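Novice: below: sequence and its predicted model.
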Amino acid sequence: HLGYRLATLASPIPGHAAGTRLRGHEFHYASILEHNDAPLAQVVDASGAAVPETGSSRTFDGGGRATGSFFHLIAEAT
């Protein structure tokens, strides 16, 4: 779980709309045991292969939203 990533947001995050392409980095030793939320992004590695860790997005009753990811944003993709 180490390397550069290209993520296309399925859900917005602060400062970036859904559909925005972001370059970043993934580094972690944790494992996902259960994933019931909507994916936050479509993520590929530096060779273009799909990465299963897509992050997650959840909307709560009342309109609150939470997101999470192993993706560390570097910059918008050009």
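Specialist: Looks like it arrived, so ask away.
Novice: now do the strands in the chain.
Specialist: 2-9, 21-27, 38-39, 41-45, 56-59, 65-68, 71-76 (DSSP state E).
Novice: pick the most deeply packed of those.
Specialist: Mean neighbour count (mean count of other CB atoms under 10 Å) peaks for strand 41-45 among the strands of the chain, with a mean of 19. The C-beta positions use only the backbone N, C-alpha and C, and glycine is treated the same way.
Novice: ok, which of the strands of the chain comes nearest Gly15?
Specialist: strand 71-76 (9.4 Å; CB to CB).
Novice: residues in contact with the closest one: which ones?
Specialist: 5, 7, 16, 20-27, 41, 43, 53, 55 (CB atoms under 8 Å, 6 or more residues apart in numbering).
Novice: can you put the strands of the chain in CSV and add mean pLDDT?
Specialist: Formatted as CSV, the strands of the chain follow (pLDDT from 0 to 100):
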stretch, mean pLDDT
strand 2-9, 95
strand 21-27, 95
strand 38-39, 94
strand 41-45, 96
strand 56-59, 93
strand 65-68, 91
strand 71-76, 95
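Novice: quick one: contacts for the closest residue to His35 other than its chain neighbours?
Specialist: Leaving aside its chain neighbours, His35 sits nearest to Ser56 (6.4 Å; criterion: CB to CB, 6 or more residues apart in numbering). Counting by CB under 8 Å, 6+ apart, Ser56 makes contact with 35, 37-40, 67-69.
Novice: 6 Å instead, please
Specialist: Applying CB atoms under 6 Å, 6 or more residues apart in numbering to Ser56 gives the contacts 37, 40, 68.
Novice: for Gly55, same thing?
Specialist: For Gly55, counting by CB under 6 Å, 6+ apart, the contacting residues are 40-41, 69, 71.
Novice: format those residues as a markdown table; extra columns: distance to Gly63.
Specialist: Output for the contacts of Gly55, formatted as a markdown table (distance: CB to CB, whole Å):
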| residue | distance to Gly63 |
| --- | --- |
| Leu40 | 18 |
| Ala41 | 21 |
| Ser69 | 21 |
| Phe71 | 24 |
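Novice: ok so, going back, can I get the contacts of Ser56 in JSON lines with distance to His1?
Specialist: Formatted as JSON lines, those follow (distance: CB to CB, whole Å):
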{"residue": "Asp37", "distance to His1": "19"}
{"residue": "Leu40", "distance to His1": "16"}
{"residue": "Gly68", "distance to His1": "15"}
